[in-house]
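Q: what's the 3D shape of this:
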Amino acid sequence: MMSKRILIDSTNVNITQPGGGSFCTQAYIEAFLTLFPNRVDILHPEEAHIRDKRYTTIDVPARPVTQAAIGAIKGYFHRAASFLVDYIQNHPEKYDTVVISTGLFAGGIVHRFHQMHIRVIVLHHNFEPEYRLDSRSILTLKGKTDKIVRYWEKKGYLQADINFFLTFQDMTRFEQEYGKHPHNYMTGVFEPTYDRSKLSFSPQTDSAVITCALCDIQNEGPLLRFAEKYLPVFRKELPTWHIELMGRKPTSIITSMAADDEVIHLTPDPIDIRNLAAQSKIYLCPMDAGGGLKLRIMDGLRAGQPVLAHTRAARGYDQFIDMPFFRTYNDEDSFREGLRAINRYIHSIDYSREAVQNQYYCYFSLESGVKRLEAILCK
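A: Next up is the predicted model:
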């Protein structure tokens, strides 16, 4: 890179609020600050009131609904699109690189930056059509806008100078759907801080834990399918155990599901979900829908918990597949075998929570994330 500045658009989320997108965005901000100190400016939502001495914050106001609708016609799918283009045009010699989250958001504006000889890096959080259909986003209108989403995501992907992906599966899907790109990299997700969480040594109960946003429709379906198909297997294999289900604002359907089965213990809106979840012996992730990387699995590994995850949820954790502390399933038989294997492991002399946590930090630490980006950006 040259000596000019780097502009990161992080208006896709408010990083002061918890969530997967926020966690990922924070991690990449920290990595860029490490690699390029004193050279980073960041666009944040104006209402977030973010100020950090390490970089210049540029506040982006919300846009009126009418402006958003008009912008979508040009491929300006998020609030910062027009603002970002205008800002760069007013500072034509200041930047050499712009970083944008998701190809859909980049699709309508990449060519504008290329006209100003500015390089564009796109961070793809997921394959957008898959994510929006599974989450029943209003942008899909039951699939009617799928072609529009694909059109602009494809433009953002193919026109970007560099594409970062959170999972190998997403990168492969883009190449299959939209064609090859010479600069695709699977950079993954990693911790947004250099501080390593210390294990809580509070007693663990004979339980498995599931954590997710219980208000999201995307999570409701997988949880209902888990209760129907896999809960009977769990009950038979571990008859004295129960399942802790934790998360924000459970829907009435989730609440009823938990109330109908004594094996499921529902904890809505936990104050300290990480420490509370760490009191279970196994982390379960039954999410069989959506794209990207299921960040809650990182919570389990960080807490030293063995993980049993649906194969769809295991995207991005390829380096752990079939390790003693990480098993996957896609039907009742593989769920049964995975549960048995993990139960054997936690009762073996090889198991320790510290060993699981250490393996987690080998790949998911901020240091490892910085090294992956450095190998690409600092050649």
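
Q: My guess is Lys155 contacts Ile109. True?
A: No. If you go by Cβ atoms under 8 Å, Lys155 and Ile109 don't touch, sitting 9.7 Å apart. Backbone N, C-alpha and C define where each C-beta goes, glycine included.

Q: Over to Gly108. Which of the three states is it?
A: Here Gly108 is coil, with the state taken from DSSP: H, G, I helix; E, B strand; the rest coil.

Q: From Gly179, how far off is the nearest residue to it once chain neighbours are set aside?
A: Closest residue to Gly108 apart from its sequence neighbours, by Cβ to Cβ, 6 or more residues apart in numbering: Gly75 at 2.4 Å. Note on Gly75: its distance to Gly179, by Cβ to Cβ, to the nearest Å, is 19 Å.

Q: Could you pull up the contacting residues of His49?
A: Contacts for His49 (Cβ atoms under 8 Å, 6 or more residues apart in numbering) come out as Thr16.

Q: coming back round to it: tell me the pLDDT at the residue nearest to Gly108?
A: Model confidence at Gly75, given as pLDDT, is 81.

Q: Same question for the one 5 residues further on.
A: Per-residue confidence for Ala80 comes out at a pLDDT of 89.

Q: Would you agree it is in contact with Thr11?
A: Yes. Using Cβ under 8 Å, Ala80 is in contact with Thr11, at 4.2 Å.

Q: what mean pLDDT would you report for whichever strand or helix holds Arg112?
A: Secondary structure assignment for Arg112, by DSSP states H and E: helix 110-115. For helix 110-115, mean pLDDT is 94.

Q: next one: stretch 283-301
A: Throughout stretch 283-301, pLDDT has a mean value of 89.

Q: pLDDT weak spots in the stretch 151-300 of the chain?
A: 201 (pLDDT under 70).

Q: all helices for it, in order.
A: 168-178, 217-229, 231-237, 252-259, 273-277, 296-302 (DSSP state H, counting those that start in this stretch).

Q: Give me the common contacts of Lys155 and Ile109.
A: Gly75.

Q: Mind checking which of these two has more residues around it?
A: More neighbours surround Ile109 than the other of Lys155 and Ile109, with 27 against 20 (other Cβ atoms under 10 Å).

Q: what's the closest non-adjacent residue to Glu191?
A: Here the residue nearest Glu191, using Cβ to Cβ, 6+ apart, is Leu366, at 4.7 Å.

Q: Tell me how many other residues crowd that neighbour.
A: Neighbourhood size, Leu366 [other Cβ under 10 Å]: 19.

Q: One more: Ile148?
A: Ile148 has 19 nearby residues by other Cβ under 10 Å.

Q: pLDDT at it, what is it?
A: 86.

Q: Secondary structure element for it, which one?
A: helix 146-159.

Q: the domain parsing of this structure - what is it?
A: 5-189, 205-363 (automatic domain parsing).

Q: Which secondary structure elements does the helix holding Ile148 sit against?
A: Helices and strands touching helix 146-159, by 3 or more Cβ pairs under 8 Å, 6 or more residues apart in numbering; DSSP states H and E, are helix 103-106, helix 110-115, strand 119-124, helix 128-134, helix 168-178.

Q: right, and those - which one's nearest Ala309?
A: Evaluated over the helices and strands packed on helix 146-159, closeness to Ala309 peaks at helix 168-178, with 13.5 Å, by Cβ to Cβ.

Q: So which bits of the closest one are buried?
A: Judged by neighbour count using 16 or more other Cβ atoms under 10 Å, the buried positions of helix 168-178 are 169-171, 173-174, 178.

Q: Return the member of the residues you listed nearest to Ile42.
A: Of all the buried residues of helix 168-178, Ile42 sits closest to Asp170, with 24.1 Å by Cβ to Cβ.

Q: Can you get me a residue count around the nearest residue to that closest one once chain neighbours are set aside?
A: Distances taken as Cβ to Cβ, 6+ apart put Phe127 closest to Asp170, at 5.3 Å, once the chain neighbours are dropped. With neighbours defined by other Cβ under 10 Å, the count for Phe127 comes to 26.
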